[in-house]
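**Q** Just a sequence and a predicted model for now, questions to come.
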4 protein chains.
Amino acid sequence: PQEPPKPGTEVSFVRKLRSRQFWRAILAELLGTLVLVSTMLGASVPGPGEAPGGPLYPALAIAAVIVSLGHCFGEISGAQVNPAVTLSLLATKKIDLVRALVYVGAQCLGAFLATGALYLALPRKSTAEVFANRVPVDGNAAQALGMEVLCTFSMVFTIFSVEEQRRRESTEPGNLGIGLAHTAGVMIAARFSGAGMNPARALGPAIITGFWENHWVYWIGPVTGGVLAGVSHEFFFAHSASRQKLVA
Amino acid sequence: PQEPPKPGTEVSFVRKLRSRQFWRAILAELLGTLVLVSTMLGASVPGPGEAPGGPLYPALAIAAVIVSLGHCFGEISGAQVNPAVTLSLLATKKIDLVRALVYVGAQCLGAFLATGALYLALPRKSTAEVFANRVPVDGNAAQALGMEVLCTFSMVFTIFSVEEQRRRESTEPGNLGIGLAHTAGVMIAARFSGAGMNPARALGPAIITGFWENHWVYWIGPVTGGVLAGVSHEFFFAHSASRQKLVA
Amino acid sequence: PQEPPKPGTEVSFVRKLRSRQFWRAILAELLGTLVLVSTMLGASVPGPGEAPGGPLYPALAIAAVIVSLGHCFGEISGAQVNPAVTLSLLATKKIDLVRALVYVGAQCLGAFLATGALYLALPRKSTAEVFANRVPVDGNAAQALGMEVLCTFSMVFTIFSVEEQRRRESTEPGNLGIGLAHTAGVMIAARFSGAGMNPARALGPAIITGFWENHWVYWIGPVTGGVLAGVSHEFFFAHSASRQKLVA
Amino acid sequence: PQEPPKPGTEVSFVRKLRSRQFWRAILAELLGTLVLVSTMLGASVPGPGEAPGGPLYPALAIAAVIVSLGHCFGEISGAQVNPAVTLSLLATKKIDLVRALVYVGAQCLGAFLATGALYLALPRKSTAEVFANRVPVDGNAAQALGMEVLCTFSMVFTIFSVEEQRRRESTEPGNLGIGLAHTAGVMIAARFSGAGMNPARALGPAIITGFWENHWVYWIGPVTGGVLAGVSHEFFFAHSASRQKLVA
């Protein structure tokens, strides 16, 4: 995610422009999460007669869609499309509380609409059970929670690192770095927790399919991992880390 | 796609140069679509004795070939290679009607030639049935249509976003962004509609194999999604959106 | 491939330096082709008890190794690592005859050494039959030849396009464009001809396994496709195409 | 890997800053290797009832995580996360002995912690046997050793090449080049030796699972290949190769 664009130089229109940009950013988060969740759910649908597959399709799909959304909405709302990312930006004081809450609301609505659209398009509605994030049959919630923390930590840490490089005009392609950090996260945790990493992506299918078992894991885990990553990056690893940051 | 190169500064040769560039652009669209459709059809051929596979090969192939074609023809014709893209550029007044129609014609011819070449190279001609875009057996045309709109929307929206970034000299690799937006589109809709996203790619195999069932889905869906994406980007999401655009 | 570095400005050491650079370039081609062919053969080895797979591994492996070799040897010898590429550069007068022949020799030697090394490392030597480029059982040599021409054409055309963009300092990552053009080529032709695209890669296994059936297809096809691509790019599609080029 | 950042310009705080940077770099190596090894082990876990798969997941996972770690820790410690890389930097006098030894220690500790965490998260502990690097049943240690040398050589050679390009401000994305060099290495050697390429990644699972058979192969092979690559790049292939380097 990138910080929202600064208000224009024309002083008299600033308020109005700001308001327009604010609504544009909300719609960007809604539409971005809609596309993200459509992609992840579409990638998890098995072919007719096939068993649900491993993490290959989600691992490829998440990198592709995150890079794509970075181009679409990166300069509008930061293409956060993930409550765990938004809340880690809030925890490091990069966005204010109102914006964070509105974004999370838009993300959840987008995820709900995406799940609804794909549910309508499913020939056999029973297939929708693959949409839900769930703890593996032979695992337990604590194991899944720990892995959600780990994979979201590594993903959000990369986002903060890329944002710092962007401020210093690195030529490395940051969107791809963030996309591949999601792929790496899927590889880490797919077999342990399904590698949700995104509470909105978990919420949409939970509402539509009514499967709420261990749903809290996919909120507590990613948010904890994301906030830990943001805080440790800002206050220890960043170039300009520590005192200055704590004051700013 | 990028806008066609501006005419040179030598005023006297402008007309002639323009004409030469015009024909070069048409040939670029023809050749580009030929390579695109060859790649997509080649990627869908199963090995001897194998059943047709899932969307993995098409998802990888489309990203690879779109990046490659962006390098080859991006500065000549914009490497549109897709009537849905060309018509969304027409709807946003980025190219004129004559150019759009000629490009679409060249794209359809390229797709036909590619399908013909691969048909000739097939050992068993019955395999050619995997070339066609088709609605899944247990789905219906309305579901497929909706998913074609969704996946083409997200793909064309990315193209417009990347083009805007290119005008502002972003260092993010735009070809890769567009390529991965195609991969994301395949992931969204492959199981619902085959993720055509390109009427020319659907037309070539329809002519060669004579399979026209629900063919309209692969024209109406992508064109609707593409035009919606172009219009919503230009008139709402773009940096320089709205009034100015409507006049220009 | 990039053109070899120009001689330094110190006039007196130019000859000597040139000679040193020449030998470094030859070793780069040898080592580069060794790594390329090791990667492609390693990617084609099935696991114990598995049947040889489809084009997935080669399609990923070729992109990865081509990007990697572009970083390693792109500024030393152009990282051509492929007689079809070298001969298309010769046909467009971008390198001279002596250099071309020496490079092709180094590439063939590198391919032979790579095949030998992997053959020694194979637990069961019968597995080595998967190393060879071969026409599918139910296809014929003419079909395979046509597909080799098509896929090498699209790949070499991308190389020429990327080289032209590099001269104009594009920020798109050219190595990745060339790597993904190889992936697209594999997707086009893998099921029809094995998508050799590289005579050296075909020669190494032919020598080690003694399998020479239809070997000519993997020389005539790629070289024809590559030369067609180079010539059509230079004399028609390039920014600075035609008269000037024909004289230069 | 990139060289560690130079000390600041404020002379009086240099010592202290240096010390702070040193500890930050050590933690970066520890955390980076923890994420790397988590990703590689997570990618190797089969689904319930599935047999362990081929090199596809590791090949994708390594590229994704290396790109991601390059963004996270490239400017802090060079994101070496691999004793074979650290020792090849030592052999070419790019880091001093103390730093090299401390980094290797941090890497081994990170790998141990990652393996421990994933072991705790595994529902059935017997699955942990897939974590270990092992010589294939029908192969022998010498064959595996040779392949480890080859694949680590090609990977480390790419790292040195990318570092040289970075010093000359190339616009090619170096993180991706290094990531894909790892993918190519996995493709070369996965079927022969498991393509360890990283002694720390081999050590962690060896400690946790107690599987030490042929463990030396995964230290001697990668370190030999890495040092050979570093030395041959610095003293023969680099732009500024030879005499100057030997003195510096």
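**A** Here it is on my side, so go on. Residues are numbered from 1 along each chain as shown, chains lettered A, B, ... in the order given.
**Q** if I look at A:G105, how far off is A:A200?
**A** Distance from A:G105 to A:A200, counting by C-beta to C-beta, to the nearest Å: 10 Å. All C-beta atoms are positioned from the backbone trio N, CA, C, and that covers glycine.
**Q** which ones are touching the spatially most central residue of chain A?
**A** Nearest residue to the geometric centre of chain A (C-alpha atoms, centre = their mean): A:N82, 2.8 Å. When contacts are counted by C-beta atoms under 8 Å, 6 or more residues apart in numbering or on different chains, A:N82 touches A:T33, A:L36, A:Q107, A:M197, A:N198, A:P199, A:A200, A:R201, A:P222.
**Q** re the thing from before, please identify which of A:G105 and A:A200 sits among more neighbours.
**A** Shown here are A:G105 and A:A200; by other C-beta atoms under 10 Å in any protein chain shown, A:A200 has more neighbours (30 against 15).
**Q** tell me which element the more buried one is part of?
**A** A:A200 is part of helix A:199-209, with elements assigned from DSSP states H and E.
**Q** ok, and the closest non-adjacent residue to A:E148?
**A** A:G221 (2.6 Å; C-beta to C-beta, 6 or more residues apart in numbering or on different chains).
**Q** likewise A:E50?
**A** Nearest residue to A:E50, sequence neighbours excluded (C-beta to C-beta, 6+ apart): B:G54, at 7.5 Å.
**Q** State the helix or strand in which A:E50 lies.
**A** Using DSSP H and E, A:E50 falls outside every helix and strand.
**Q** Can you report how many residues neighbour it?
**A** Around A:E50 there are 10 residues (other C-beta under 10 Å).
**Q** Got phi/psi on it?
**A** phi -90, psi 150 (degrees, to the nearest 10).
**Q** For A:L34, give me its contacts.
**A** A:L34 neighbours (C-beta under 8 Å, 6+ apart): A:G110, A:A111, A:L113, A:A114, A:A117.
**Q** re earlier: and the residue nearest to the centre of chain A, its phi and psi?
**A** According to degrees, to the nearest 10, A:N82 has phi -160, psi 120.
**Q** try A:V135
**A** With angles defined as degrees, to the nearest 10, A:V135 sits at phi -70, psi 130.
**Q** quick one, what contacts it?
**A** Neighbour list for A:V135: A:A141, A:Q143, A:A144, A:S193, A:G194, A:E213, A:N214, A:V217 [criterion: C-beta under 8 Å, 6+ apart].
**Q** Only whichever of these are buried, select them in ChimeraX.
**A** Buried subset of the contacts of A:V135, written as a ChimeraX selection, criterion 16 or more other C-beta atoms under 10 Å in any protein chain shown:
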select /A:143,144,193,194,214,217
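**Q** Among the contacts of A:V135, which one sits closest to chain C?
**A** Nearest to chain C among the contacts of A:V135: A:G194, at 23.9 Å, using C-beta to the nearest C-beta.
**Q** Touching, the closest one and A:R134? I think so.
**A** Yes: between A:G194 and A:R134 there is a contact under C-beta atoms under 8 Å: 6.2 Å.
**Q** for the helix or strand hosting the residue nearest to A:E148, what is the average pLDDT?
**A** Per DSSP H and E: A:G221 is located in helix A:217-232. On average, the pLDDT along helix A:217-232 is 97.
**Q** could you check the angle helix A:199-209 makes with it?
**A** 170 degrees (axes from the mean of the first three to the mean of the last three C-alpha atoms, to 10 degrees).
**Q** In terms of secondary structure, what does helix A:217-232 contact?
**A** helix A:83-91, helix A:141-167, helix A:174-193, helix A:199-209 (3 or more C-beta pairs under 8 Å, 6 or more residues apart in numbering or on different chains; DSSP states H and E).
**Q** circling back: for D:S240, state which of the contacts of A:V135 is nearest.
**A** A:S193 (48.7 Å; C-beta to C-beta).
**Q** What distance do you get for the residue nearest to A:E148 to chain C?
**A** 31 Å (C-beta to the nearest C-beta, to the nearest Å).
**Q** Check the burial of that residue by counting its neighbours.
**A** 29.
**Q** May I see the buried residues of the lengthiest helix in chain A?
**A** Ranked by residue count, the top helix of chain A under DSSP state H comes out as helix A:14-44. By neighbour count on 16+ other C-beta under 10 Å, the buried set for helix A:14-44 is A:21, A:24-44.
**Q** Tell me which helix or strand comes right after that helix.
**A** From helix A:14-44 onward toward the C-terminus, using DSSP H and E, the following helix or strand is helix A:56-73.
**Q** on that earlier part again, which one of the contacts of A:L34 sits in the busiest neighbourhood?
**A** Using other C-beta under 10 Å as the neighbour test, these are led by A:A111, with 32 neighbours.
**Q** Show me which residues of chain A are close to chain C?
**A** For chain A, the residues in contact with chain C (C-beta under 8 Å from any C-beta of the partner chain) are A:T171, A:P173.
**Q** for chain A, what are the low-confidence residue spans?
**A** By pLDDT under 70, the weakly predicted segments of chain A are A:1-18, A:241-248.
**Q** In CSV, list the C-alpha atoms belonging to the helix holding A:G221.
**A** Extracted in CSV, the C-alpha atoms of helix A:217-232 (Å, rounded to 0.1, in the frame of the first residue of the first chain):
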residue,chain,number,x,y,z
VAL,A,217,-8.5,-17.7,14.1
TYR,A,218,-8.6,-15.9,10.7
TRP,A,219,-9.1,-12.5,12.4
ILE,A,220,-6.8,-12.8,15.5
GLY,A,221,-4.0,-14.5,13.6
PRO,A,222,-3.5,-12.2,10.6
VAL,A,223,-4.1,-9.0,12.7
THR,A,224,-1.6,-10.1,15.3
GLY,A,225,1.0,-11.0,12.7
GLY,A,226,0.4,-7.8,10.7
VAL,A,227,0.6,-5.5,13.7
LEU,A,228,3.7,-7.3,15.0
ALA,A,229,5.4,-6.9,11.6
GLY,A,230,4.4,-3.2,11.2
VAL,A,231,5.6,-2.3,14.7
SER,A,232,8.9,-4.2,14.6
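**Q** and the residue nearest to A:E50, what does it touch?
**A** Counted by C-beta under 8 Å, 6+ apart, B:G54 has contacts A:G47, A:E50, A:G53, A:Y57, B:A190, B:R191.
**Q** Equivalent analysis for A:A114, please.
**A** By C-beta under 8 Å, 6+ apart, A:A114 lies in contact with A:T33, A:L34, A:V35, A:L36, A:V37, A:S38, A:L41, A:G204.
**Q** Same check on A:A121?
**A** So A:A121 contacts B:G139, B:Q143, B:A144, B:G146, B:M147, B:F192 (C-beta under 8 Å, 6+ apart).
**Q** Leaving out sequence neighbours, find the closest residue to it.
**A** B:Q143 (4.4 Å).
**Q** A:T209 now?
**A** Closest residue to A:T209 apart from its sequence neighbours, by C-beta to C-beta, 6+ apart: A:A128 at 5.2 Å.
**Q** That neighbour contacts A:Y119, doesn't it?
**A** Yes: counting by C-beta under 8 Å, A:A128 does reach A:Y119; the two are 5.5 Å apart.
**Q** Check the gap between the spatially closest residue to A:A91 that is not a sequence neighbour and chain C for me.
**A** Using C-beta to C-beta, 6+ apart and skipping the chain neighbours, the partner closest in space to A:A91 is A:V227 (4.6 Å). Going from A:V227 to chain C by C-beta to the nearest C-beta gives 33 Å.
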